[in-house]
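Student: Requesting a structural model of the entry that follows:
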Amino acid sequence: MPFSEIIRWNTAAVIGDERLLLQIPSTVRSIHQDNILSLRQQTQFLWEAYFSSVERLVLTTLEIIHDRVLQHAARSNLMWNSLPGGLYSLPQYSSYLGDFPFHYAKLGIKPRPKFTAVIHAVTPLVSQSQPILKLLVAVAKSQYCVQVD
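Tutor: Numbering: from 1, shown residues only. Below you'll find the predicted structure:
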């Protein structure tokens, strides 16, 4: 299967031996509806993330090659096989999956109770009534905000 080194095809497809082709219909009928739904969801994710266009196919191929060359900074299989996908998870950010909020549920991690807000303003602050200052004050007042940078 294509990209089999990173994609867990058994979570998205029913894989069988071509010599047992006549048994496939009964095998498919024996799969529970919940498993069929899970297979469909994973197939839809893989299609949208990696196969839906030539651009995505090329980008996926290039990123896989990049991960092969720089193995110390390669994405994990969990990054490639779960939302948002390997193309949106930059290994340069962190190699620890717990640093990516979209993996919390699979890892059994609870989010931290507080956050740091980083607000980047490109125009100089002229008056106290500017919307950016109102935003800064509102965020800073939050009981869940530790720091505003």
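Student: need the strands for this structure, in chain order.
Tutor: Listed in chain order, the strands of the chain (DSSP state E) span 115-117, 145-148.
Student: could I get those strands as CSV with mean pLDDT and distance to residue 4?
Tutor: C-betas here are computed from N, CA, C, even on glycine. Below are those laid out as CSV (pLDDT from 0 to 100; distance: least, CB to CB, whole Å):
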stretch, mean pLDDT, distance to residue 4
strand 115-117, 78, 38
strand 145-148, 80, 43
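Student: Pull out the buried positions in the lengthiest helix in the chain.
Tutor: Scanning the chain for the helix with the most residues, using DSSP state H, yields helix 54-69. Using 16 or more other CB atoms under 10 Å as the test for burial, helix 54-69 gives 56, 60, 63, 64, 67.
Student: Reformat those residues as TSV; add distance to residue 28 and pLDDT.
Tutor: Shown next, in TSV, are the buried residues of helix 54-69 (distance: CB to CB, whole Å; pLDDT from 0 to 100):
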residue	distance to residue 28	pLDDT
56	28	95
60	28	95
63	32	94
64	30	93
67	33	91
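Student: which of these lies closest to residue 50?
Tutor: Distances from residue 50 to the buried residues of helix 54-69, taken as CB to CB, are shortest for residue 60 (4.5 Å).
Student: Thanks a lot, see you next time.
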